[in-house]
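> Build me a model from this:
(one chain, ligands or ions: 1)
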Amino acid sequence: MIKNWKHDIENRRDKARNYLISGENTVEIRDDEVQIEVIATEIRTSSFKAQTTAVPPVTITTTISFPTKMDIIKQFTLNSQQKYSFMIVTRHLDGSADNQLLMCVPGCGGTGKFQLIRAITKYFQLTKRGKMLRKLAPTSIAAAEIDGLTIHSFLGKSHKNSKKKQKRTFGPDDMKLENEWRHVKYLIIDEISIIGLSLLACFNRGVWV
Ligand SMILES: Nc1ncnc2c1ncn2[C@@H]1O[C@H](COP(=O)(O)OP(=O)(O)OP(=O)(O)O)[C@@H](O)[C@H]1O
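Down below sits the predicted model:
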């Protein structure tokens, strides 16, 4: 009796093993018995294992490579003081700060203010924000050097010795002025030390309109 029972058990076990090896998910033991369903998925034994084996979905993104600030700092061989000034401006530009950046970079002739302006201009241009920057200077030579405008030409003022005396008037409906300055967010004034107070006041009125 025991021998038969043992033999029956072994038969069933072999049958079950063979079905599992052959890859079938359902093992039929006997017509009158309940079917055993083999679940193919792995049963989680540890939450830690589940966490570590979870592979995050891979997404493909295309990156636009902008020149880094360090590239420009290297290109213009900015010294530490020029570098700090450059970083202040470019961080303000890249940040979401709503506050106005008022910055004065003093220095004797030949200390590298123009070199700094060149580096800042390059950053605006390479990041496709050149329209946001306007450069002004009091004299035509200084303006030409920085590739900017003279304050007089911005104000539409003729020089004292000019025959044609005209004065630009500013008003809320000055569309030409508005279009000129629509995209301008940053203004660099070179050689500010030689700008007289009256011209500065006139300029101030112009930009506030
Ligand atoms: N970091 C730098 N690396 C290489 N050259 C530099 C650097 N800074 C300044 N120079 C050079 O030094 C010279 C004087 O610099 P720059 O014209 O920028 O001075 P500045 O302060 O604008 O002078 P100024 O007030 O007389 O216009 C230039 O020939 C410039 O190329």
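
> does residue 112 really touch residue 82, like I thought?
Yes - here residue 112 lies in contact with residue 82, judged by Cβ atoms under 8 Å, at a distance of 5.5 Å. Every residue, glycine included, has its C-beta placed from N, CA and C.

> With neighbour numbers in mind, choose between those two.
residue 82 (21 against 18; other Cβ atoms under 10 Å).

> which SSE is the more buried one in?
helix 80-94 (DSSP states H and E).

> Residue 147 now?
Assessed by DSSP H and E, residue 147 sits outside every helix and strand.

> Name the nearest residue to it, sequence neighbours excluded.
Of all residues not flanking residue 147 in the chain, residue 135 sits nearest, at 6.7 Å (Cβ to Cβ, 6 or more residues apart in numbering).

> Contacts only, for the one you found.
Residues near residue 135 by Cβ atoms under 8 Å, 6 or more residues apart in numbering: 117, 121, 143, 146-149, 187-190.

> What of residue 6?
So residue 6 contacts nothing (Cβ under 8 Å, 6+ apart).

> Do stretch 72-81 and the ligand come into contact?
Yes - counting by Cβ under 6 Å from any ligand atom, the ligand has neighbours in stretch 72-81: 77-79.

> which one of the residues you listed has the most neighbours?
Counting by other Cβ under 10 Å, top hit in the residues of stretch 72-81 next to the ligand: residue 78 with 21 neighbours.

> in the helix holding residue 82, what's buried?
When burial is assessed from 16 or more other Cβ atoms under 10 Å, helix 80-94 yields the following buried residues: 82-83, 85-86, 89-90, 93.

> how about that helix as CSV, C-alpha atoms only?
Output in CSV follows, covering the C-alpha atoms of helix 80-94 (Å, rounded to 0.1, in the frame of the first residue of the first chain):
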residue,chain,number,x,y,z
SER,A,80,40.0,87.1,-12.0
GLN,A,81,38.4,90.6,-11.7
GLN,A,82,37.2,90.5,-15.3
LYS,A,83,35.9,87.0,-14.7
TYR,A,84,33.8,88.0,-11.7
SER,A,85,32.3,90.9,-13.6
PHE,A,86,31.6,88.6,-16.6
MET,A,87,29.9,86.1,-14.3
ILE,A,88,27.7,88.7,-12.6
VAL,A,89,26.3,89.8,-15.9
THR,A,90,25.9,86.4,-17.5
ARG,A,91,24.3,84.9,-14.4
HIS,A,92,21.9,87.7,-14.3
LEU,A,93,21.1,87.1,-17.9
ASP,A,94,20.6,83.4,-17.5
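
> now for the next helix or strand after it, which elements pack on it?
Sequence order places helix 113-126 as the next helix or strand after helix 80-94, per DSSP H and E. Applying 3 or more Cβ pairs under 8 Å, 6 or more residues apart in numbering; DSSP states H and E, we find helix 113-126 packed against helix 69-75, helix 80-94, strand 133-137, strand 186-189.

> quick revisit: could you export the buried residues of helix 80-94 as TSV, including pLDDT and distance to the ligand?
Shown next, in TSV, are these (pLDDT from 0 to 100; distance: Cβ to the nearest ligand atom, whole Å):
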residue	pLDDT	distance to the ligand
82	96	6
83	96	9
85	96	11
86	96	10
89	95	15
90	94	16
93	92	20
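
> Which pair in those has the greatest spatial separation?
Largest separation among the buried residues of helix 80-94 by Cβ to Cβ: 82 and 93, giving 16.4 Å.
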